[in-house]
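**Student:** I need the structure of the sequence given here:
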Amino acid sequence: QVQLVESGGGSVQAGVSMRLSCVASGRTASINVMGWFRQAPGKEREFVAAMRRSSGTSVADSVRGRFAISRDVVKNTLYLEMNSVKPEDTAVYYCAADNRRPILSAMSLADRYEYWGQGTQVTVSS
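**Tutor:** Sure, this is the predicted structure:
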C-alpha cells in the first residue's frame, strides 16, 4: 500500500507562484508513476502533470509553460510548481501514484492510478 499526503494549497491572488507537495509513504519503492490531477467545482477531474520513475514526463496543454512537475527521490516527495496562477486554476489538486509503468500517452488517464491523496484546495482570485 501507498499513502499520499498533499500540502501547499491556499488562497492566493492571480499571478503569484505556488508549490504543491505530495509526500508518499508505505511501499514507495514499488511506485512507477506519480502525477497531479485537479477538479474544479462542477467539473470532471482533469490531468495536470505526471512523471515516471525511470523517465518520461507529461504536462497538460492547459498548464504547459506555467506549471512544472519535479520530485525528490530521497524525500519521496512529488512537487508541482505553479507559476502565474490564474482564477481558472482554482480547484482541488490531487496527487496520484501507481505501481505500473504506463506508456507516455496513458499517464494522463486517471483510471491508471491506484493510489490517491485527499487533495489540497487551491483558490486563485483575480
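**Student:** where's residue 118 relative to residue 87, distance?
**Tutor:** 23 Å (CB to CB, to the nearest Å). Heads up, the C-betas are built off the backbone N, CA and C, glycines and all.
**Student:** again with residue 37
**Tutor:** 19 Å.
**Student:** so for these two, which sits in the more crowded spot?
**Tutor:** More neighbours surround residue 37 than the other of residue 37 and residue 87, with 24 against 11 (other CB atoms under 10 Å).
**Student:** give me the phi and psi for the residue nearest the centre of the chain.
**Tutor:** Centroid-nearest residue in the chain: residue 36, 1.8 Å away (criterion: CA atoms, centre = their mean). With angles defined as degrees, to the nearest 10, residue 36 sits at phi -120, psi 140.
**Student:** how far away is the residue of the chain most remote from its centre from residue 48?
**Tutor:** Here the chain reaches farthest from its C-alpha mean at residue 126, the gap being 23.0 Å by CA atoms, centre = their mean. Separation of residue 126 from residue 48 (CB to CB) stands at 21 Å.
**Student:** swap in residue 30?
**Tutor:** To residue 48, residue 30 is 23 Å away according to CB to CB.
**Student:** between these two, which has more neighbouring residues?
**Tutor:** Legend: neighbour count by other CB under 10 Å for residue 30 and residue 48, higher for residue 48 (25 against 13).
**Student:** how about that one, nearest residue that isn't a chain neighbour?
**Tutor:** Among residues not flanking residue 48 along the chain, residue 36 sits closest, at 4.1 Å (CB to CB, 6 or more residues apart in numbering).
**Student:** what bridges to the one you found?
**Tutor:** Taking DSSP bridges, one obtains residue 49, residue 95 as the residues bridged to residue 36.
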